[in-house]
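Novice: Sequence plus the predicted model coming up.
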Amino acid sequence: MSCCGGKRRQFYQPLAAPPAAAPVTGGAALRPLQELTAAFEYFGPTGLTATGSITRQRYRFDHPGATVQVDARDAPAFDGIPHLRRRPR
């Protein structure tokens, strides 16, 4: 029989541990809430429930004039929903 050249042994070597994750600094957790959300006002005739296209979170506008804070990642899709308008900061 021929020798495998020790290649079989390399499959049984323990895997190296992944590098330790760097601590999170200055990320989203430290940004003001206004930068993470966008305010939308509903001006339709009844109420409206909309689902965020990115976060899949449901947002409920209970009545005309209701203002809801929407995750900034979902905000671009909300710009195209009838009877919703983005409120200035």
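Specialist: Looks like it arrived, so ask away.
Novice: mind listing the strands for the protein?
Specialist: Listed in chain order, the strands of the chain (DSSP state E) span 37-42, 48-51, 58-61, 67-71, 84-86.
Novice: mean confidence for the second one?
Specialist: Here the mean pLDDT over strand 48-51 is 96, rounded to a whole number.
Novice: helices and strands around it, which ones?
Specialist: Using 3 or more Cβ pairs under 8 Å, 6 or more residues apart in numbering; DSSP states H and E, the elements in contact with strand 48-51 are strand 58-61. C-beta coordinates here come from the backbone N, C-alpha and C atoms, glycine included.
Novice: Could you rerun that using 10 Å?
Specialist: In terms of contact count using 3 or more Cβ pairs under 10 Å, 6 or more residues apart in numbering; DSSP states H and E, strand 48-51 is assigned the packing partners strand 37-42, strand 58-61, strand 67-71, helix 75-78.
Novice: how about the second one: buried residues?
Specialist: For strand 58-61, a neighbour-count test (16 or more other Cβ atoms under 10 Å) marks 59, 61 as buried.
Novice: Contacts for it next, please.
Specialist: Residues outside strand 58-61 that contact it (Cβ atoms under 10 Å, 6 or more residues apart in numbering): 40-44, 46-52, 66-71, 74, 78, 81, 83-84.
Novice: Listing partners with orientation, what would you give for that strand?
Specialist: Strand 58-61 pairs in its sheet with strand 48-51 (antiparallel), by DSSP bridges.
Novice: Grab the CA positions of the strand it pairs with and hand them over as CSV.
Specialist: Provided in CSV are the C-alpha atoms of strand 48-51 (Å, rounded to 0.1, in the frame of the first residue of the first chain):
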residue,chain,number,x,y,z
LEU,A,48,-53.2,52.4,8.0
THR,A,49,-50.8,49.6,8.8
ALA,A,50,-47.6,49.4,6.8
THR,A,51,-44.8,46.8,6.9
